Each structure stands twice: as C-alpha cells, then as structure tokens.
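J.: When you get a sec, could you give me coordinates for this:
(one chain, ligands or ions: 2)
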Amino acid sequence: MTRYPPDLENWRRAARIAAEARELGARRAVPGASMRELADLIEESIRAAGAQPAFPANLSRNVEAAHFTPAVGDTLTLAEGDLLKVDVGAHVDGAVADTATTVEVGGGRRFENLRLAAREGVEAGIRVVQAGVDVNEIGRAVESVIHARGLKPIRDLCGHSIERYVLHAGKSIPNVTGMSHERLEEGEVIAIEPFATNGAGSIENGEFGNIQRFRRDPGPTEPVLQALYRRFQTLPFSARWATSDADTAALKRGRRHLQSYPVFVERGGGFVAQAEHTVLVTADGAEVLTRLP
Ligand code: MN
Ligand code: MN
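T.: Ligands and ions are numbered 1, 2, ... in the order given. Next up is the predicted model:
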C-alpha cells in the first residue's frame, strides 16, 4: 500500500517556497540586522510567493536549539559570530514543508565543524530513506557522521512525519539509535532534522519563545478566537500575525485553548547547529522536496 498525498503538487510547491525563504533568511542574517524584521521578511516572502507560513520563522541562536521567534515589540539584533538557525515552514492549503539551515552571522568559521556536522547529518539520513526502512537506521546514520566530527547529536529532538495541516504527525525520525523502530512507508512525507552540539546532547526548556498553537477548535462562543483558529488550524503561529486589539484580547482570554512553546536550550550550554529537509519517501529512495535545484 502506498500513501502518496493526492495533492502532491501542493507539497512540492510549498517546499520550493520554504526553501527559497530559508535561503533568503540565511542571506539577510547579517550583523546588526533586526530579528523582528528578519522574521517578518521571511514570512512575507512566503506569502508573496502564494503560500502561508506553516509556523513562525524560528530564529534560535547559539545555545538555543529551537522554538524562538521574535515577539511583537522585539528589539533584538543579530551580532557578529551568532550561530543562527533559520528554520522555516510554508504550506499550500495545508501541505506543509519544514526546512532549516544554520549560519554563522558575519560569515566567520568558528562554528564550521558544527554547521558541517548538521549538514552532513541530514544528508546521511536522506541517503538511508526508502520505503520499508526502519527509522532507527536514519538515527544510526545521523549519529555516526556527527560523532565522526567529535560532536553529539541532540537525542531528544527528532524529525517527524508530516500530514495535511499537521506539522508533527505520528512518526518520529530519530537522530540517534535506540529511540524507535517504525518503518517508512512509500508516499509518506517526513522531515529529517539533526541538531549537532558541542554540549551535553540534550535539551531543557527555557523561556516562552513567542510561539503558540491551538489545541482544538475553540468553538463558536468566541467568534474572534474561532476566526483565528480557522486561519491557523492547529499549526504554530506568532502573536506578530494577530495584530488587531480584538485578536490580542481574544488570544489572552482563550489561553486554555492554546499550547505555548518554550525555547529549547542545550542542557550543557553547548552551541547548536541544525539542518533540515522535508522529504518524500519513494519506493527506492527519497525526493528531497526542500532542496533547491
Ligand atoms: Mn521539523
Ligand atoms: Mn523545522
């Protein structure tokens, strides 16, 4: 049995748009750049290309591994030498692509080994992909190339299967062995996303990273909130996208319907690099949807 999405062209289109937004974000991540403006620029480029952001542009720096996006009034700027993860999502009618790269702001080479480890990790994982493969083999491949650079993969961050409007569907794609033993299916869409670190190899929760999502439809008693739900479904979003006072007030009142995400911080205070591609599992390999030609 295969499970190719019937709207495969939407998945390919979302992926190309996400990949272009990722590269735009990486190019514009220069010393002194406003993080708020960089996030807005990435998200606007996705909308201008005819898709929607599938989640806020994640711009986590240094020991932050994931789940930071600038807040509404953020004044943070990038500094020379920041190790910045540009993690970007786009969707076309619920067909989601998720992709990331890591840049050293200012173009230095202090973190070259970390960046290469993450990039080689995602490529090693992709080489293993084909229908029927145990996801543990992806974890083994990722772990092996990151160890070869004298670094650790972050064991408690995983890739994931993706379904329509569901960024983290049922299946985890590990970055180490011994985590899970599920098999890939032909036609499935998965994100492979290794994180390499010179720290402890695991994460802990930091502060609120300005990202939240609806747990469920809040129902008709809160029409403003329900309109926001119709817009975002259960995909993660940013308060930067809900700019009217009515929206802001509804989000405050409706907190019980919302899940908020803490920033994930490396437990040992290590620096973190990430690379991520969204991949279509085929009978004999993978179509890397977020790879630009
Ligand atoms: Mn992901
Ligand atoms: Mn991602």
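J.: Check the secondary structure at the residue in the stretch 1-150 of the chain positioned nearest to ligand 1 for me.
T.: Here the residue of the stretch 1-150 of the chain nearest ligand 1 is Asp98; by Cβ to the ion that distance is 4.1 Å. Where you see a C-beta, it was placed from the backbone N, CA and C, and this is true even at glycine. Classification of Asp98 into helix, strand or coil gives strand, according to DSSP: H, G, I helix; E, B strand; the rest coil.
J.: Beta-bridge partners for it, please?
T.: In this structure, Asp98 has beta-bridge partners Gly89, where bridges are defined by DSSP bridges.
J.: ok, now which ones touch it?
T.: Applying Cβ atoms under 8 Å, 6 or more residues apart in numbering to Asp98 gives the contacts 18, 54-55, 87-89, 162, 167, 191, 193, 276, 278, 290.
J.: again, only using 6 Å
T.: When contacts are counted by Cβ atoms under 6 Å, 6 or more residues apart in numbering, Asp98 touches 89, 191, 278.
J.: Next: Arg127.
T.: By Cβ under 6 Å, 6+ apart, the contact set of Arg127 is empty.
J.: near ligand 2, anything from the helix or strand hosting it?
T.: Using DSSP states H and E, Arg127 sits in helix 112-128. No - where contact is defined by Cβ under 5 Å from the ion, no part of helix 112-128 touches ligand 2; the two come within 11.2 Å at best.
J.: Only alpha carbons, please: show that helix as PDB.
T.: What follows is the C-alpha trace of helix 112-128 in PDB, where atoms were taken according to Å, rounded to 0.1, in the frame of the first residue of the first chain:
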ATOM      1  CA  GLU A 112      32.300  25.500  10.800                       C
ATOM      2  CA  ASN A 113      32.600  22.000  12.300                       C
ATOM      3  CA  LEU A 114      29.100  22.200  14.000                       C
ATOM      4  CA  ARG A 115      27.500  23.500  10.800                       C
ATOM      5  CA  LEU A 116      29.100  20.800   8.700                       C
ATOM      6  CA  ALA A 117      28.100  18.100  11.200                       C
ATOM      7  CA  ALA A 118      24.400  19.100  11.000                       C
ATOM      8  CA  ARG A 119      24.500  19.300   7.200                       C
ATOM      9  CA  GLU A 120      26.300  16.000   6.800                       C
ATOM     10  CA  GLY A 121      23.900  14.600   9.300                       C
ATOM     11  CA  VAL A 122      20.800  15.500   7.300                       C
ATOM     12  CA  GLU A 123      22.400  14.200   4.000                       C
ATOM     13  CA  ALA A 124      23.400  10.900   5.700                       C
ATOM     14  CA  GLY A 125      19.800  10.500   6.900                       C
ATOM     15  CA  ILE A 126      18.400  11.200   3.500                       C
ATOM     16  CA  ARG A 127      20.700   8.600   1.900                       C
ATOM     17  CA  VAL A 128      19.100   5.900   4.100                       C
END
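J.: ok, now how distant is the residue nearest to Ala117 when sequence neighbours are not counted from His257?
T.: Of all residues not flanking Ala117 in the chain, Ala196 sits nearest, at 3.7 Å (Cβ to Cβ, 6 or more residues apart in numbering). Spatial separation of Ala196 from His257 under the definition Cβ to Cβ, to the nearest Å is 36 Å.
J.: neighbour count winner among those two?
T.: Relative neighbour count places Ala196 above the other of Ala196 and His257, with 32 against 21, counting by other Cβ atoms under 10 Å.
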